[in-house]
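Enquirer: Turn this into a model:
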Amino acid sequence: MENSTTETEKKVLALVTGLLTAACMVISFGFVTTASAGMTIYPAKGHSPQQQQKDEFECHQWARL
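Expert: Numbers count the residues shown, from 1 in each chain. Next comes the predicted model:
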């Protein structure tokens, strides 16, 4: 009987591992789709277009880490 419990535990562990892996993939896909959907960023406090471009670049660099 001990052997069947061990097999059952292995099956449950494999199932849980598979579900967690699938959940992580779904979450990751959500982040990728959101990031690739593009952003609309508006300048604040009279920032120049050059400052806005610099801020966007730094934001994208940070997000890639």
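Enquirer: only C-alpha atoms for contact and neighbour calcs from this point on.
Expert: Fine.
Enquirer: can you give me the mean pLDDT across whichever strand or helix holds Lys10?
Expert: Per DSSP states H and E, Lys10 falls inside helix 2-36. Here helix 2-36 scores 73 as its mean pLDDT.
Enquirer: before we move on, what about stretch 43-62?
Expert: 82.
Enquirer: Now that stretch: buried residues?
Expert: Under the neighbour-count criterion of 16 or more other Cα atoms under 10 Å, stretch 43-62 has Gln52 buried.
Enquirer: still on that earlier bit, and the next element down the chain from the helix holding Lys10?
Expert: Note on helix 2-36: by DSSP H and E, the next helix or strand toward the C-terminus is helix 49-64.
Enquirer: other SSEs contacting that next one?
Expert: For helix 49-64, there is no helix or strand it packs on, judged by 3 or more Cα pairs under 8 Å, 6 or more residues apart in numbering; DSSP states H and E.
Enquirer: Using CSV, write down the CA coordinates of it.
Expert: Provided in CSV are the C-alpha atoms of helix 49-64 (Å, rounded to 0.1, in the frame of the first residue of the first chain):
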residue,chain,number,x,y,z
PRO,A,49,10.4,66.4,-26.4
GLN,A,50,14.0,65.5,-25.9
GLN,A,51,13.4,64.9,-22.2
GLN,A,52,10.3,62.9,-22.9
GLN,A,53,12.3,60.7,-25.3
LYS,A,54,15.1,60.3,-22.7
ASP,A,55,12.5,59.3,-20.0
GLU,A,56,10.8,56.8,-22.3
PHE,A,57,14.2,55.2,-23.2
GLU,A,58,15.2,54.9,-19.5
CYS,A,59,11.8,53.4,-18.7
HIS,A,60,12.1,50.8,-21.4
GLN,A,61,15.7,50.0,-20.3
TRP,A,62,14.5,49.5,-16.7
ALA,A,63,11.6,47.3,-17.8
ARG,A,64,13.8,45.0,-19.8
